[in-house]
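Asks: I would like to see how this sequence folds:
(chains A, B and C)
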Amino acid sequence: MMLRFLSVSIIVYLLWQSLDHGRVESVVGGRTATLPKDLREWTQRGIAPDRIAVQLDSVPTPRQRDWLAALSASGTSVSWNGSLPAVGVEVQPVLAPSGGYNVLVSAPAGSQVVLSDEIGAIDTLRAGTGGARISVESASGIISVKSGGTAAQAILPETPPIRRVLVIGDANWESKFVVAALEEEDWKVDAQTHVSPGVSVTQGSINPIDTSRYSAVVALDRSASAYGSEIVRYAATGGGVVIGAEAAGIESLSQLRAGAAGRIDAPSAAATEPGSVTLQSLSVLPVSAIKADAIPLDRRGGSIAVAARRFNAGRVVQIGYLDTWRWRMSGAEGSVADHRKWWTNVVAGVAYAPSADRSAKPAVDDAPLARLVESLGSPSAASGVPLTSPGPVVPLWMMFALLSGSLLAEWVSRRTRGMR
Amino acid sequence: MVGPLMTEFIFCTGRYESGDWDSAPTLPANLIDSVARYTEIATAPAGVIVPLSSERILEYPLVYLTGHMPFRFTEVERKNVQKLVDRGGMVFIDDHNHDIDGVFSKTALEEVARTFGKPIDLPNTNPIYSCFFKFEDGPPATSHELNGWGDNLVHKNLKAVMKGDRIQVLFSNKDYSSEWNYHPDNKRFSAVDNTRFGVNIVVYALTR
Amino acid sequence: MTSAQRVRRAQQLLGVGAVTAAVAWGVAASIGILAAASLLNWISPTVGVATDWLAIVTLVTGIAVAAVLIWRARHVGSFSRVALWIEENLPGLQYSLVTAVESERSAFAEGIESAVEREDISGVTNRAFRRSVLPALAAVVIAGTLLYVLPTSELSRGGLLDRLTGSGRNTAGHLASRVEKISVDLTPPSYTGEKTSTLDDPSSVTALVGSRLVVRGGGSSSGVTANLGNSGVQTHDSNGGWALTVAMPQKPVALTLHDRQFERIVVLEPRIDNPPKIVLTSPVRDTTMRVAKLVLNLSASATDDIGLSGAYFEYLVTTGSGEIFSARTITTPLVRFGGSRTGSISATLDLGSLKLNQGDVVSIRAIAQDINTLSGPGLATSDTRTFRIARADEYDSVAVDAAAPPPIDSSALSQRMLIMMTEQLVKDSKKISHTDLVRRSGEIGDMENRVKNRVHEILYETESGPEGEADPAAGLQAEEGSDEVHAVQNPDLFQAYQALWDAVRSLQIAEPATALPPMRVALKALDRARLANRLYLRGMPPKVIVDIARVRMAGKEKGIASTRTPGSAADSAHANLERRFADAIDLLQRAPANAVRDLTLLRVEALSTSPAFAAALSDAVDAFRKGRDATLPLLRARRALSGEPIIQPGLSAWSGH
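Replies: Numbering: from 1, shown residues only, chains lettered A, B, ... in the order given. Model prediction:
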């Protein structure tokens, strides 16, 4: 009789619980450090709390975030607050044979950011306006960026296939050393070097100029005018074009260029001392009357030395520097490597790459704060919710076990009654 | 083609400390004339003479050296010329003696070997013999070879220090310094321009 | 002794016997397993038994056997069970012992005790002790003997069988790796005179090319193989272990040692015997003379990293003109340095004795050779100094001027000092009186004037001095050369001279601040002039200006198109290192041993192309081998290989993608 009474009481209790009538709203709070434990507790208690307020000093892990989102979706009101820096990271492959990655970090200006990968810390930096851009030659595994309590991660992307580069120029030191610089960086180069009427030195077969053959076309000077319309067509279909200072005057390339060629700006005599020539000390044919959609990339004094713009699906960079070979030949120690690195960066900056599938969601947290807001909404103002657990509540499993036990006991009692 | 912006090709004669670097004073003008005569390469009307001991030599990626007398680099000269070649420049050395047993040839080859590595016989199929004018038999012979001057030899090959398939240092015992050392206006008296190989050297240096 | 005491004593003895036997059987079982594994390896070396597992199995088995036996003998702990056991073994007691033990205070105790006393309890107990302990000890001895006889290097240094038969096959099996603990006897080439040294357990060996390396390890040489790069190296037995001998090669290479499944890589890093260096310290400059009457004091100093053999001077005398030149070479006797690292030579050369004619050139240089008898001797030559006898027809040319580099080092130095003094004066000018300013400025001005005069002397130096017998007329002609002509010869010096003029003037009117700019210009010009080398002037070549516009494309012949062959990457080796490093890092998680092996081999390749990377890799490999954290050396290695990341604060609107 007692057992039957117990069973019925438990059933009534559970029924009452499920109807949720008259229950006092349960409010719980948690902190980052205790979140794993709290989540388990809130979930296992049978009846989820009505409100969860979490005070965060670092962004929760994706698992914790999803857990909170699941609680939120199941009817619990989840709110959070905390001063967390918005950090995001994207890794782009450098479209050059030498490889490498450009890591674009968005972080609050002035914040300290630690960049690391599978091996360990790569570097520590202070973010500028919007964040920072870091170029690394190599990295392993997953790139991680940490600032304050936010850690964002990105998977190293695959480098798309790199195609050939076409260099068109007159027979002079500039074209010779541009081709050399690119080849030394392992670019496969086709070249058309004009020597005299009808006589050129060629490398590879130039036609057709399209994105299935070339990652980029470098038009160094007026000898490229013969290919103007093809280069424009190539750029429109996604090709990358580098327009040298002297080629900026080619009429057929006018719709590509970032601006007109200005008046030559010669360096001071001191800057051209042998052994001390740098990129900044070269003569410049500045990019003037810059187009509205063009972006200056490099300035010398008040004038624009390098500018870039998109042209339909393609990208174009216009260079104002003249005779960059002087930097290579008459620069300080390391100028050869600097010259070729600069040229490879210029070409890589516009190089055609088949568009990657960006629809796939990354398997890592590349913008954790954004995803937290996406999952749980914006941070609430400090709510004053007591960060304590409510009074003890008998867990559901315990009630179920008790009920099962009492029913089993009653059954055994009935079966054994006649044996006495 | 001859643009106003790009720097012109300037023929550079290297001045070295140890010998008579200026033994072929009209050769530069003659080659400048030939380059302008056959190509559209932007060319300065006069050559320059630059000491090998000055880093200014690096502004001239093709350097011509000649002489009759002992040829030895000083340490500064050696460093600068090494740098020039390492950075992609080319040095053309011509033995004005036309004598493989002569003091210039011996000392210059010794210096070349010491500075750049041992020179090899340049095959006569090298692109330098076909990059503008075609020379089926390799380096064109000079009158100094054919008239028994110097070592009384017709040299079948030039010598070169290579990096991959690129010539870094071109060494000649042909005595082009004598052969091409005349005022360019006198070309009109020749049935065949004997400086055409000089044009090839310039085109090669500018395009390879 | 009471019955209870007798039983307790028996219990103690039986207990000791049981424990001793259990432990002995456990040990015997362990040794037996070791012997069995050794036998297995001996029969079939290819099977290979992993040492780590074997140790665990041996230990567990031993403990298990001992434990089981102790468990079986657990009843010895019970007093009554021991008493009953005695009763069982001595039926003559007829339960008197049990009775005596259970009822010590009984009235019949005395009689019972005397009955117990009559029986030989200790004899039974001792027999039982012997029966349990002796077989166990015998088993230990047998198993130990077996292990000793079998070729287990760790216990017997090659095994008794090995010693008895001398057979390589018999000693192939070793439980532990024979290539794990090695030593290297390093003997540098004999010409260095250095002694043999021993390196214990090195992961890399750095030595001069040609050094003799004897690598030694424990155990027999049978089954131990070695490869130097791709070629095999013979191993042999030596001093109770194995050994191999190699010579340090020219290029870095991996010495890979194998013993069954074990592998050990030792990186051999050759050190090159650098050629010597020699500097001709006198004469310091070239000279053009009118008459070959000059006695030259020659001196040179040489250095070498290992040792110098000797040095000498070489004079190359070139005679001729036009297109015909001849040359003769004269050398001084070799001065021997006997292996010293530094040395100097000196000689006197009377140019008159060389019978020089007009236009002749004497080129002087010093040559040193080192003591390298293996790949050398390494030779070094100094800069060449040239002494030229001018031709009579050159006397009216500026070329006759001594075109030697001006000895202006001291001027440059003084100039630097004067600039510093002037800068200090400018700083002090507000604090000191005008009189002091004028005085100090005047003093600096006087010193600056002396520098200016010295530069003037060098700039307008006439042919006098050693060649003393100069033609006065010609000397006069040279002296009368205009400033302009001199400036053409040495524009840097001329510029310095002019700047010094300005500086002296400003200093003498107490305007030190105004004097500073020209002083700095002068210093720069003096520096340039100091670095500039001698002109060889035979007259300036004629300047021919080509009329490009007139001749452009005027040639009758036409060139042909040609093709260019692609150039190669500048640093494909670097790219290869980066790729292999990335692969090794990827492998670290999945197969650490293979990754460490790859890093070691990578280091061999990096030694000649990227020493900093190789050094960091070495630290990383050492850390892995010693079980330490390798993060830092790996990070250093990556920095050394890939350089520092390039950081641009801020995000540009143009990412390039």
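
Asks: which element is residue C:344 on?
Replies: According to DSSP states H and E, residue C:344 maps onto strand C:342-350.

Asks: List the neighbouring strands of the following helix or strand past that strand plus their orientation.
Replies: Per DSSP H and E, the first helix or strand lying C-terminal to strand C:342-350 is strand C:361-370. Applying DSSP bridges, strand C:361-370 is found paired with strand C:308-321 (antiparallel), strand C:379-381 (antiparallel), strand C:385-389 (antiparallel).

Asks: List the beta-bridge partners for residue B:171.
Replies: With DSSP bridges as the criterion, residue B:171 is bridged to residue B:93, residue B:159.

Asks: burial count for it?
Replies: Residue B:171 has 23 neighbouring residues, counting by other C-beta atoms under 10 Å in any protein chain shown. Where C-beta positions appear, they are placed from N, C-alpha and C, glycine not excepted.

Asks: hang on, it packs against residue B:112?
Replies: Yes. Assessed by C-beta atoms under 8 Å, residue B:171 is found in contact with residue B:112 at 6.1 Å.

Asks: any common contacting residues for the two?
Replies: Counting by C-beta atoms under 8 Å, 6 or more residues apart in numbering or on different chains, the shared contacts of residue B:171 and residue B:112 are B:93, B:119, B:161.

Asks: can you pick the most crowded of the residues you listed?
Replies: The most neighbours of any of these, using other C-beta under 10 Å, belong to residue B:93, which has 26 neighbours.

Asks: give the contact list for it.
Replies: So residue B:93 contacts B:64-66, B:71, B:108, B:112, B:169-172 (C-beta under 8 Å, 6+ apart).

Asks: Report the rounded mean pLDDT for the helix or strand where residue C:10 lies.
Replies: In this assignment (DSSP H and E), residue C:10 forms part of helix C:3-43. The average pLDDT within helix C:3-43 is 87.

Asks: Check stretch A:116-136 too.
Replies: 92.

Asks: right, is stretch A:301-313 up against chain C?
Replies: Yes. Using C-beta under 8 Å from any C-beta of the partner chain, we find that stretch A:301-313 touches chain C at residue A:308.

Asks: Please list the outside residues in contact with that stretch.
Replies: With C-beta under 8 Å, 6+ apart as the test, stretch A:301-313 has contacts from A:232, A:235-238, A:241, A:255-256, A:258-259, A:262, A:265, A:284, A:286-288, A:290-291, A:293-299, A:315-321, A:346, A:349-350, C:654, C:656.

Asks: Closest residue of chain A to chain C?
Replies: Nearest residue of chain A to chain C, counting by C-beta to the nearest C-beta: residue A:128, 2.8 Å away.

Asks: Show me the beta-bridge partners of the residue nearest to that residue when sequence neighbours are not counted.
Replies: Of all residues not flanking residue A:128 in the chain, residue C:649 sits nearest, at 2.8 Å (C-beta to C-beta, 6 or more residues apart in numbering or on different chains). Note on residue C:649: beta-bridge partners by DSSP bridges are residue A:132.

Asks: Quick check: the gap between residue C:649 and residue A:307.
Replies: Going from residue C:649 to residue A:307 by C-beta to C-beta, to the nearest Å gives 21 Å.

Asks: try residue C:350
Replies: 71 Å.

Asks: The two: which is more packed in?
Replies: residue A:307 (26 against 11).

Asks: need the contact list for residue C:420.
Replies: Contacts here follow C-beta under 8 Å, 6+ apart; on that basis residue C:420 touches nothing.

Asks: what helix or strand does it sit in?
Replies: Using DSSP H and E, residue C:420 falls within helix C:409-428.

Asks: now do residue C:177
Replies: Using DSSP H and E, residue C:177 falls outside every helix and strand.

Asks: Please name the nearest non-neighbouring residue to it.
Replies: Nearest residue to residue C:177, sequence neighbours excluded (C-beta to C-beta, 6+ apart): residue C:262, at 3.6 Å.

Asks: Centre-most residue in chain B?
Replies: What sits nearest the mean C-alpha location of chain B, by C-alpha atoms, centre = their mean, is residue B:92, with 3.1 Å.

Asks: which residues sit in contact with that residue?
Replies: Listed by C-beta under 8 Å, 6+ apart, the contact partners of residue B:92 are B:62-65, B:169-170, B:172, B:201, B:205.

Asks: give me that answer again for 10 Å
Replies: When contacts are counted by C-beta atoms under 10 Å, 6 or more residues apart in numbering or on different chains, residue B:92 touches B:14, B:62-66, B:158, B:160, B:167, B:169-172, B:176, B:198, B:201-202, B:204-205.

Asks: Mind putting the strands paired with strand C:361-370 into JSON lines with mean neighbour count, mean pLDDT and distance to residue C:517?
Replies: Shown next, in JSON lines, are the strands paired with strand C:361-370 (neighbours: other C-beta atoms under 10 Å in any protein chain shown; pLDDT from 0 to 100; distance: least, C-beta to C-beta, whole Å):
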{"stretch": "strand C:308-321", "mean neighbour count": "21", "mean pLDDT": "91", "distance to residue C:517": "46"}
{"stretch": "strand C:379-381", "mean neighbour count": "18", "mean pLDDT": "91", "distance to residue C:517": "43"}
{"stretch": "strand C:385-389", "mean neighbour count": "24", "mean pLDDT": "87", "distance to residue C:517": "37"}
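
Asks: which stretch among these comes nearest residue B:97?
Replies: Among those, the nearest to residue B:97 by C-beta to C-beta is strand C:308-321 (9.0 Å).

Asks: How far off centre is the closest one?
Replies: 37 Å (C-alpha atoms, centre = their mean, to the nearest Å).

Asks: okay, the angle between that strand and strand C:342-350?
Replies: 30 degrees (axes from the mean of the first three to the mean of the last three C-alpha atoms, to 10 degrees).

Asks: Beyond strand C:308-321, next helix or strand please.
Replies: The first helix or strand that comes after strand C:308-321 along the chain, using DSSP H and E, is strand C:324-331.

Asks: Which secondary structure elements does that next one sit against?
Replies: Contacts defined by 3 or more C-beta pairs under 10 Å, 6 or more residues apart in numbering or on different chains; DSSP states H and E place strand C:324-331 against helix B:103-116, strand C:308-321, strand C:361-370.

Asks: Could you rerun that using 8 Å?
Replies: Under the contact definition 3 or more C-beta pairs under 8 Å, 6 or more residues apart in numbering or on different chains; DSSP states H and E, strand C:324-331 sits against helix B:103-116, strand C:308-321.

Asks: Now render those as a markdown table, adding distance to residue B:127.
Replies: Supplementary listing: those in a markdown table, determined by distance: least, C-beta to C-beta, whole Å:
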| stretch | distance to residue B:127 |
| --- | --- |
| helix B:103-116 | 20 |
| strand C:308-321 | 36 |
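
Asks: List the contacts of residue 84.
Replies: Let's take chain A. Contact analysis of residue A:84 by C-beta under 8 Å, 6+ apart lists A:56-59, A:148-150, A:369, A:372, A:379.

Asks: should've been chain C
Replies: By C-beta under 8 Å, 6+ apart, the contact set of residue C:84 is residue C:98.
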